[in-house]
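Undergrad: just need the structure, nothing else, for what follows:
(chains A, B, C and D)
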Number of protein chains: 2
Amino acid sequence: MLTIGQLAAYAGVTVRAVRHYHQIGLLPEPERDASGYRRYRAAAVVSLIKIRTLADAGVPLSRIAQMLDAEAAAFAEAVQRIDSHLRDEIERLETSRRQIAQLAAGDALALPPEVIAYLDRLRELGVSERMVEGERDGWILLAARWPDRVREFIPGKFAQLDDPHVVRLYRVLSEIFDDDDAGDDPRLEEAADLMAGLAEQAYACGENSLGEEAYDDLPHDLLDTLAVEADPRVERLVALLRERGWGGWNRMERLAERPG
Amino acid sequence: MLTIGQLAAYAGVTVRAVRHYHQIGLLPEPERDASGYRRYRAAAVVSLIKIRTLADAGVPLSRIAQMLDAEAAAFAEAVQRIDSHLRDEIERLETSRRQIAQLAAGDALALPPEVIAYLDRLRELGVSERMVEGERDGWILLAARWPDRVREFIPGKFAQLDDPHVVRLYRVLSEIFDDDDAGDDPRLEEAADLMAGLAEQAYACGENSLGEEAYDDLPHDLLDTLAVEADPRVERLVALLRERGWGGWNRMERLAERPG
DNA sequence: TGGAGGGTTGACGCAGCGTCAGGGTCAAGC
DNA sequence: GCTTGACCCTGACGCTGCGTCAACCCTCCA
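TA: Numbering: from 1, shown residues only, chains lettered A, B, ... in the order given. Below is the predicted model:
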């Protein structure tokens, strides 16, 4: 007759595990000796080893009992189910690995490589780190809403960077936002002029600023408020644009009438 | 300003998950409106998406906060750690899959294929299912103690089966144990004679019944008590063997003197 | 005779939420 | 003005498979 410690040692498990199996009814409680100690027969060792074998193979404890007294056919079927479950788990983890492999750089968080390349291009053009981060957050929002479409937007954005006005705009904005103190910066006027001109140009070509159809409005609203949250001077810029006949920020649209 | 439901929907998570992130301090609690509802800014959406991206990649929540404000180098190092952890997990699961693949048949539980083959051979020779199961449980005990050695035992056991006395013994034992009623079976005498003869023969060749060295005694004791537990008539057989000058059951040894 | 090294029950802790329970709130339709 | 359904709130337990105290009892050996 074995004590719980001897039993556990023989089967290569912890005492706590054995007690756990008793608690959930997986291994029957043995008789007790005079002092209340559990005393095990040899058959218990065999049972415990079978349990551990299944548990080590990834069978959830809740199903081991059924499997142990299943007929060969039912057993095989159960094995099948467990196996396909394991396969799914492995698949999930491998997807995770692939995903974190993409996280090599900080920017890559939740963004496809095309967008990363675009952000790096902005840096090359002298756009401030602060603005690039703002852009990045915007793209994160877009990527969350349209994971597939977002890559289609990128070529158009790259093309825009060929226009010196666009580059100039980014630089002016960089300067404005990098100055923490300036509440009423005269450069805001220049930025507004640039943006209005670009909007006019895009409108003439029959596109809007992002080059995509309407989809839904939520992401654009979010992008706008995100910008305002990032720097309240954006609100001032939006007002200046409105004076120039353009509404919105990320996706601008011509206003019906110039306000009074 | 978004409600928690809108926030969650945009980021593709459940409301409960968002509240959980608040609870553990991963996502800061936003302001509340007049009726106590949480109201989120656009920046919260970006934060939440970043969190989900890392969590989906298998980063434990407890480490996401550190990673989000880590520098590029520290971030990369953390990614490395996560990745190797994932690799280990995958390895573990694949081991599990290999193991359960071995569990195709009921016998295979915790036993190497050589032992399975031996058990099948017993069945072919007309050994009863009941006895085979007893043998199997014994091998499970041996395999747990000596996972590597147990395969070495098998060739010797196969060889023994070439001896017609051994086959005869197994069949007699099968018959005895399959009769539920017989308490004092005359065939027990025949079995004891056969066993004593085989022991004598083995002793003459300088081997003991299992063909292995002493190792430790626990498994053998367990095997003996296992047999007695399986059928109390084993005890009677052990007594008969003792009369014939042999002690033990699975591993028999010559007694110094025939008992008075 | 005392101390080490077993054993006993009971309880909390872990990760990441799911899922009630038992409320209050909001927008819309009657 | 009232109902209805869809949200929101907090609080709490449940899941998996044990690890790890705590507080106590039993046994064996020097």
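
Undergrad: residue numbers of the stretch 1-150 of chain A in contact with DNA strand C?
TA: Within reach of DNA strand C by Cβ under 7 Å from any atom of the strand, the stretch 1-150 of chain A has these residues: A:T3, A:I4, A:G5, A:Q6, A:V15, A:R19, A:G36, A:Y37, A:R38. Any C-beta I mention is one placed from the backbone N, CA and C, and that applies to glycine too.

Undergrad: farthest-apart pair in those residues, please.
TA: Distances among those were taken as Cβ to Cβ; the most separated pair is A:Q6 and A:G36, at 16.6 Å.

Undergrad: which stretches of chain A form helices?
TA: A:4-11, A:15-23, A:42-56, A:61-68, A:72-101, A:113-124, A:129-145, A:150-160, A:164-178, A:187-204, A:218-230, A:233-243 (DSSP state H).

Undergrad: tell me which of the ones you listed is the most buried.
TA: helix A:42-56 (a mean of 21; mean count of other Cβ atoms under 10 Å in any protein chain shown).

Undergrad: which helices and strands does it pack with?
TA: Helices and strands touching helix A:42-56, by 3 or more Cβ pairs under 8 Å, 6 or more residues apart in numbering or on different chains; DSSP states H and E, are helix A:4-11, helix A:15-23, helix A:61-68, helix B:72-101, helix B:129-145, helix B:218-230.

Undergrad: so which residue is smack in the middle of chain A?
TA: For chain A, the residue lying nearest the average C-alpha position, counting by Cα atoms, centre = their mean, turns out to be A:A110 (5.3 Å).

Undergrad: please tell me how far the residue nearest to that one when sequence neighbours are not counted sits from DNA strand D.
TA: The shortest distance from A:A110 to any non-neighbouring residue, by Cβ to Cβ, 6 or more residues apart in numbering or on different chains, is to B:T53 (4.1 Å). The gap separating B:T53 from DNA strand D is 22 Å, by Cβ to the nearest atom of the strand, to the nearest Å.

Undergrad: which ones are touching B:T53?
TA: A:Q99, A:L103, A:L109, A:A110 (Cβ atoms under 8 Å, 6 or more residues apart in numbering or on different chains).

Undergrad: cool, and A:V166?
TA: A:Q160, A:L198.

Undergrad: which one of the residues of the stretch 1-150 of chain A next to DNA strand C is nearest B:C205?
TA: A:Q6 (34.5 Å).

Undergrad: and the closest one, how far is that from A:P30?
TA: 12 Å (Cβ to Cβ, to the nearest Å).

Undergrad: list residues touching both of those two?
TA: Common contacts of A:Q6 and A:P30, defined by Cβ under 8 Å, 6+ apart, comprise A:Y40.

Undergrad: near chain B, which residues of the stretch 51-200 of chain A are found?
TA: With Cβ under 8 Å from any Cβ of the partner chain as the criterion, the stretch 51-200 of chain A meets chain B at residues A:52-54, A:56-59, A:72, A:75-76, A:79, A:82-83, A:86-87, A:89-90, A:93-94, A:96-97, A:99-101, A:103-106, A:109-110, A:137, A:140-141, A:144-145.

Undergrad: got a list of what the residue in the stretch 51-200 of chain A positioned nearest to DNA strand C touches?
TA: Nearest residue of the stretch 51-200 of chain A to DNA strand C, counting by Cβ to the nearest atom of the strand: A:S96, 11.7 Å away. Residues in contact with A:S96 (Cβ under 8 Å, 6+ apart) are B:D56, B:A57, B:G58, B:L86.

Undergrad: dump those into JSON lines; add distance to A:Y10 as well.
TA: Below are the contacts of A:S96 laid out as JSON lines (distance: Cβ to Cβ, whole Å):
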{"residue": "B:D56", "distance to A:Y10": "42"}
{"residue": "B:A57", "distance to A:Y10": "41"}
{"residue": "B:G58", "distance to A:Y10": "36"}
{"residue": "B:L86", "distance to A:Y10": "34"}
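
Undergrad: enumerate the residues of chain A near DNA strand D.
TA: Taking Cβ under 7 Å from any atom of the strand as the criterion, chain A approaches DNA strand D at residues A:T14, A:R16, A:A17, A:H20, A:D33, A:A34, A:S35, A:G36, A:A55, A:P60, A:L61, A:S62.

Undergrad: quick check, pLDDT for the last one.
TA: The predicted local distance difference test score for A:S62 is 93.

Undergrad: so what's it closest to, chain neighbours aside?
TA: Per Cβ to Cβ, 6+ apart, closest to A:S62 is A:I24, 7.8 Å.

Undergrad: didn't the one you found look like it was pressed against A:I64?
TA: No. The pair A:I24 / A:I64 is not scored as a contact, 9.8 Å apart, by Cβ atoms under 8 Å.

Undergrad: re earlier: among the contacts of B:T53, name the ones in strands.
TA: Judged by DSSP state E, the contacts of B:T53 include no members of strands.

Undergrad: could I get those residues as TSV with pLDDT?
TA: Shown next, in TSV, are the contacts of B:T53 (pLDDT from 0 to 100):
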residue	pLDDT
A:Q99	79
A:L103	73
A:L109	75
A:A110	75
